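**Q** build me a model:
(chains A and B)
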2 protein chains.
Amino acid sequence: MFIGVDLGGTNMRVGVVNSGGQVFHRLSLPTRVNLGLEEVIERIVSTVLRVVDQARDGGNQIEAVGIGSPGIIDIRTGTIVTSPNFPEWRRVPLKQTMEKRLPYPVFLDNDANAFAYGEKWVGVGRDVQSMVCLTLGTGVGGAIILGGRLWHGADGMAGEVGHMTVQPNGLKCNCGNYGCLESYASASSVVRRALVASRTGTPSMILTLAGGDPEKITSSLVYQAALKGDTLAMQIMKETATYLGIGIANLINLLNPEMIVVGGGLANAWDLIYPTVEDEVCHRAFLTLAQTAKIRKASLGDDAGIIGAAGIACFSLRDVSCAF
Amino acid sequence: MFIGVDLGGTNMRVGVVNSGGQVFHRLSLPTRVNLGLEEVIERIVSTVLRVVDQARDGGNQIEAVGIGSPGIIDIRTGTIVTSPNFPEWRRVPLKQTMEKRLPYPVFLDNDANAFAYGEKWVGVGRDVQSMVCLTLGTGVGGAIILGGRLWHGADGMAGEVGHMTVQPNGLKCNCGNYGCLESYASASSVVRRALVASRTGTPSMILTLAGGDPEKITSSLVYQAALKGDTLAMQIMKETATYLGIGIANLINLLNPEMIVVGGGLANAWDLIYPTVEDEVCHRAFLTLAQTAKIRKASLGDDAGIIGAAGIACFSLRDVSCAF
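**A** Now for the predicted structure:
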């Protein structure tokens, strides 16, 4: 059994995960970043200990703790270098601090990598040795698994799939660049384009579905409007899927992976976006490579964060040798 | 010592390479594809044996033979699956056939991978563990080294850097897709754009430098015209460098490598294209990643093919374990 800690800026979710990916004894509580670093660490430790107690009552052995956190992580030392969710944290040695308080090894990685570990460990990618994962949420996260292992890159920052330029003169991205995949294929970018169109008076039911309040537009509402045949919503979803397809075709031509896994909130619109994604890949990737690379929706649902975090622990502990 | 065989459609080049990357006893002769498969293999074997004899006279031990060939290679069996340079060859088991005639192990890989092995073994990448190589020639070839090993992909076809879409509605590529990096950054694409412009009467000295014969336009002439301030030539080279920069920025954001190596004929225009490449990378890649990834011109020059082919043998024989 492994403990998974999904450390979000708003909530932390902790659970015990068995080697089949089943989650037991989940706990979720507010992270309360405003209370300061010491207090947040205290909250993580005490939550882990509560979950461990519950697991022990069931007679289970805990092997290690995995923590998934947004931000830039130094995996060698287990340090959160910087994180958008914890703006005041700088080089926080979370692994070291936690290991002083817990009788288990602790492993830390970022949330996109955790997502990939989860899908590889017990999800849709469990039978493949190479895959690229994309999460379409506030941003577009990414992670690359090759030869059964996660490729972290020279600085531990590989996998920035969301910042692949897919339209050189395209929309401005939060990163400062223009035309990143994230500017078209993140859930936020769907909302942003719907907002811009609603301000310019483009006729659409999106605003109506949001109760007339532009602030309440979500990517899910745009998806629903598209399903109902709303022209603007359909255009936005089509554009989103087109650029996602271009990004995926590029990944396939570059890395010749066995699988592409797409998760995050926008993956809920899979039935609508998949045909366009497939069409772009078909036109842009080499046939043999496109036939090899299965494109799949993520499989782990609401527990993906906890399972992925536990997956960090599992893969780090095994330290499987590289197969290529 | 290793034997390197650079098997081209027009010429084969064979040489003995020591572990310092020095080439001895080079031989170059026409491949003569028209004589048929058996005869070409006979020519390779006899040339290798001649070179081996010369090396033995110097008292050297030969460890293995490496062959670099364009096309799709099955590295596990050492088979040329298909190759644009040998259109009539289908699934030629070159490794097996050669090993029957030679007392050395034979290893086969494609020419882009050979290029990368060469640069990693004794070239500009000798001190790095992760790098992406691009060759700007007739097409744009690519190869990816991660954790000190070449990433071949699920079908042995990874590294198709030239077929990354960098302009969704861009120029048509030979592969059928639109806006591939190859449509902008190959030497052939430079020539093609110069030809199209010359046909539409765009004033330029390129045609004059080619003696008035459009058939004689080369990427080198376009480069020379650009150096002399020719507006059209400068535009073409700028566009080439811009898209090359976008492609490289994407590779950096995706793979966070220590180095990008650029070779092939068009790399001779490095002084002209590098500033624009650097500028694009600066704007499009994350700062930390861009600072890590050194962008270098290939270092092995005319002997790159032979050294790279020998590098295939060296890396395959060592079968170094993966470092990540």
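**Q** now the residue of the stretch 101-250 of chain A found nearest chain B: closest residue in space, sequence neighbours ignored.
**A** Chain B sits closest to A:Gly153 of the stretch 101-250 of chain A, with a gap of 2.6 Å, by Cβ to the nearest Cβ. In short, each C-beta sits where N, CA and C put it, glycine included. With sequence-adjacent residues excluded and distances taken as Cβ to Cβ, 6 or more residues apart in numbering or on different chains, A:Gly153 is closest to B:Asn256, at 2.6 Å.
**Q** what bridges to A:Ile145?
**A** A:Met131, A:Leu150 (DSSP bridges).
**Q** hang on, the earlier thing: next up, the contacts around the residue nearest to A:Gly153.
**A** Residues near B:Asn256 by Cβ atoms under 8 Å, 6 or more residues apart in numbering or on different chains: A:152-160, B:130, B:289, B:292-293.
**Q** just give me the closest of those to A:Arg26.
**A** Of all the contacts of B:Asn256, A:Gly159 has the smallest distance to A:Arg26: 27.1 Å, by Cβ to Cβ.
**Q** in this model A:Asp111 seems to touch the closest one, though I could be wrong.
**A** No. Contact criterion Cβ atoms under 8 Å: A:Gly159 and A:Asp111 do not qualify, at 11.4 Å.
**Q** for those two, list the residues in contact with both.
**A** In terms of Cβ under 8 Å, 6+ apart, A:Gly159 and A:Asp111 are both contacted by the residues A:Gly141.
**Q** mind checking pLDDT for the residue in the stretch 201-324 of chain A that chain B sits nearest to?
**A** In the stretch 201-324 of chain A, the residue that lies nearest chain B is A:Asn256 (2.6 Å; Cβ to the nearest Cβ). pLDDT recorded at A:Asn256 is 98.
**Q** what of A:Arg192?
**A** With respect to pLDDT, A:Arg192 has a value of 96.
**Q** does it sit in a helix, a strand or a coil?
**A** Classification of A:Arg192 using DSSP: H, G, I helix; E, B strand; the rest coil returns helix.
**Q** enumerate every residue touching A:Tyr223.
**A** A:Tyr223 neighbours (Cβ under 8 Å, 6+ apart): A:233, A:237, A:266, A:268-269, A:272.
**Q** can you list phi and psi of the residue nearest to A:Gly153 for me?
**A** Note on B:Asn256: backbone dihedrals following degrees, to the nearest 10 are phi 50, psi 50.
**Q** swap in the one 4 residues further on?
**A** When quoted as degrees, to the nearest 10, the phi and psi of B:Ile260 stand at phi -120, psi 130.
**Q** what does A:Phe107 give?
**A** Backbone geometry at A:Phe107, expressed as degrees, to the nearest 10, gives phi -130, psi 140.
**Q** wait, it sits on A:Leu94?
**A** No. A:Phe107 is not in contact with A:Leu94 according to Cβ under 8 Å; the separation is 10.1 Å.
**Q** overlap of the contact sets of those two?
**A** Residues touching both A:Phe107 and A:Leu94 (Cβ under 8 Å, 6+ apart): A:67, A:78.
**Q** between these two, which one's more packed in?
**A** Neighbour comparison, A:Phe107 and A:Leu94: the larger count goes to A:Phe107, with 26 against 23 (by other Cβ atoms under 10 Å in any protein chain shown).
**Q** quickly list what the residue lying closest to A:Pro93 once chain neighbours are set aside is bridged to.
**A** Once flanking residues are discounted, A:Pro93 sits nearest to A:Thr79: 4.9 Å by Cβ to Cβ, 6+ apart. Beta bridges link A:Thr79 to A:Asp74 when assigned by DSSP bridges.
**Q** wait, doesn't A:Thr79 sit right on A:Trp89?
**A** No. Using Cβ under 8 Å, A:Thr79 is not in contact with A:Trp89; the gap is 9.9 Å.
**Q** quick one: low-confidence ranges for chain A?
**A** Scanning chain A for pLDDT under 70 picks out A:319-324.
**Q** got the residue ranges for the helices in it?
**A** Listed in chain order, the helices of chain A (DSSP state H) span A:37-57, A:94-101, A:111-122, A:182-185, A:187-199, A:206-209, A:219-227, A:231-255, A:270-284, A:287-292, A:304-318.
**Q** out of the ones you listed, which is closest to B:Val40?
**A** Nearest to B:Val40 among the helices of chain A is helix A:287-292 (25.3 Å), distances taken as Cβ to Cβ.
**Q** check which helices and strands the closest one is in contact with.
**A** Applying 3 or more Cβ pairs under 8 Å, 6 or more residues apart in numbering or on different chains; DSSP states H and E, we find helix A:287-292 packed against helix A:231-255.
**Q** what residues sit buried inside the helix it packs on?
**A** A:232-234, A:236-237, A:239-255 (16 or more other Cβ atoms under 10 Å in any protein chain shown).
**Q** quick check: angle from that helix to helix B:231-255?
**A** Per axes from the mean of the first three to the mean of the last three Cα atoms, to 10 degrees, the angle that helix A:231-255 makes with helix B:231-255 is 80 degrees.
**Q** please name the nearest non-neighbouring residue to A:Gly137.
**A** Excluding the flanking residues, the one nearest A:Gly137 by Cβ to Cβ, 6+ apart is A:Gly264, at 4.0 Å.
**Q** equivalent analysis for A:Gly156, please.
**A** Nearest non-adjacent residue to A:Gly156 (Cβ to Cβ, 6+ apart): A:Ile75, at 5.5 Å.
**Q** my guess is the one you found meets A:Asp109, correct?
**A** Yes. Assessed by Cβ under 8 Å, A:Ile75 is found in contact with A:Asp109 at 5.6 Å.
**Q** what about the residue nearest to A:Gly156, distance to A:His163?
**A** Separation of A:Ile75 from A:His163 (Cβ to Cβ, to the nearest Å) stands at 20 Å.
**Q** noted, bye for now.
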